[in-house]
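Trainee: just to be clear, the model below is a prediction. Sequence and coordinates:
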Amino acid sequence: MTDIPAKKKRIFSGVQPSGILTLGNYIGALRNFVALQNSGEYDCIYPVMDLHALTVRQDPPTLRRRCLETMAVFIACGLDPEKNILFCQSHVPAHSELSWILSCFTYVGELQRMTQFKDKSQRHADNINAGLLTYPVLMAADILLYQTDLVPIGADQKQHLEIARDIAIRMNNVYGELFVVPDAYFGKTGTRVMSLTDPTRKMSKSDEPASYIAILDKPEDIRRKLRRAVTDSEGEVRYDRESKPGVTNLLDILSAMGGEDKEALVTRFAGKGYGALKDETADAVIAALTPVREKYDQVLADKAYLEGVLRSGAERAAVLAEKTLRKVHKKLGLAPYKL
Ligand code: TYM
């Protein structure tokens, strides 16, 4: 009797093409995407989320360029287009179609309660568009469309994943087994990489450049930014998010990059100053990001290859997406159609 291989679990996650990707994106997301790919235990789907980027006004030629650039970062980080489905969200219209359907099962109140909505509407008070509010519905559509089991994300996306789960459960209760209810996947460390200039805030590309490390930063910039990272005046290396957020952030980054757990790091750095911690963190970050930067230039130079990756990824994604969309249409009572 031949063994039928067990169906692999499905992973889905993505990144917005909003320009600079940071060390936060790398540690909280991309590094885990690669580890999950390499485990061989999952079928992985990783798109560039360009529709989500539209909630903020974008310059069209720049956005167009950034989709390819972000895909080049994915590949440079180690994602293999042969092993995963890599594509661009807007190339598979089913994301938007399912989003509309899900929005009819989502309450305005629950969207208004989202931390990111409250935060973003404060920061973009001149452009509180409906997309900013319905953003988590599109994200739920992304995830549920592929019957996803696991979603590797940073801590800032946790609330969005919870709403995706709520919508799936709500619809399953009405229509039977419509969607797989997804779980979040968080890395062991680095689910929330903090700003280097204000370590009580998340590291984000929308803040000043000194506050973040870009994945494509040069080694000398990485070292300079880490040397200037805000710490405290105590001089003792201890792990305490409340009273020592700067040092704790450095320990988290070093632990995520070097694999040594934070307790071992605290013991090893006992009696040493913050300078030593900053230097070793810089060494570890530079060692991890240098090959990415070098490969990025090479990948981006081959536009035809990148476009081919996006095309074949979208074709494969569309087949899976269409399957779910048809099931949803059928269960909800939309009139049958033939293509
Ligand atoms: P985005 O593009 O803001 O970020 C991409 C991923 O990087 C993680 N991340 C961080 N992790 C740790 N520390 C940080 N400082 C940090 N900054 C960012 C994010 O948690 C995320 O995992 N809405 C999503 C994109 C998206 C998506 C999806 C993700 C759209 N649809 C479906 C998963 C599944 C976003 O804006 O991520």
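Mentor: Received, thanks. Numbers count the residues shown, from 1 in each chain.

Trainee: now for the closest residue to L196 other than its chain neighbours, how many residues are close by?
Mentor: Leaving aside its sequence neighbours, L196 sits nearest to A229 (Cβ to Cβ, 6 or more residues apart in numbering; 4.1 Å). For glycine as for every other residue, the C-beta is placed from the backbone atoms N, C-alpha and C. When neighbours are defined as other Cβ atoms under 10 Å, A229 has 24 of them.

Trainee: anything in the top helix by length along the chain near the ligand?
Mentor: Longest helix of the chain, by residue count under DSSP state H: helix 303-332. No - Helix 303-332 stays clear of the ligand (Cβ under 6 Å from any ligand atom), getting no nearer than 12.9 Å.

Trainee: chain center to that helix, what's the gap?
Mentor: Offset of helix 303-332 from its chain centre (Cα atoms, centre = their mean, to the nearest Å): 20 Å.

Trainee: related to what we said a few turns ago, am I right that the residue nearest to L196 is in contact with T248?
Mentor: No - between A229 and T248 no contact is recorded; they are 11.5 Å apart, counting by Cβ atoms under 8 Å.

Trainee: and for those two, which residues touch both?
Mentor: P199 (Cβ atoms under 8 Å, 6 or more residues apart in numbering).

Trainee: could you give me the buried positions within the longest helix of the chain?
Mentor: Neighbour-count burial for helix 303-332 flags 306, 309-310, 313-314, 316-318, 320-322, 324-325, 328-329 (criterion: 16 or more other Cβ atoms under 10 Å).

Trainee: repeat for stretch 277-289
Mentor: 277-278, 280-286, 288-289.

Trainee: is any part of it close to the ligand?
Mentor: No - Stretch 277-289 does not reach the ligand (Cβ under 6 Å from any ligand atom); its nearest approach is 13.7 Å.

Trainee: residues in contact with the residue nearest to L21 when sequence neighbours are not counted?
Mentor: Using Cβ to Cβ, 6+ apart and skipping the chain neighbours, the partner closest in space to L21 is I215 (4.8 Å). Contact analysis of I215 by Cβ under 8 Å, 6+ apart lists 20-23, 25-26, 30, 73, 77, 289, 292-293.

Trainee: ramachandran coordinates for I215?
Mentor: Backbone geometry at I215, expressed as degrees, to the nearest 10, gives phi -60, psi -30.

Trainee: read off the pLDDT value for it.
Mentor: Per-residue confidence (pLDDT) for I215: 98.

Trainee: how near is it to the ligand?
Mentor: In this view, I215 and the ligand are 11 Å apart by Cβ to the nearest ligand atom, to the nearest Å.

Trainee: isn't S99 right up against T134?
Mentor: Yes - here S99 reaches T134: they are 7.4 Å apart, a contact under Cβ under 8 Å.

Trainee: which SSE is the residue nearest to L196 in?
Mentor: Using DSSP states H and E, A229 is not contained in any helix or strand.

Trainee: repeat for K278
Mentor: helix 274-301.

Trainee: okay, angle between the helix or strand where I167 lies and helix 303-332 too, please.
Mentor: Following DSSP H and E, one finds I167 within helix 158-175. Relative orientation of helix 158-175 versus helix 303-332 (axes from the mean of the first three to the mean of the last three Cα atoms, to 10 degrees): 40 degrees.
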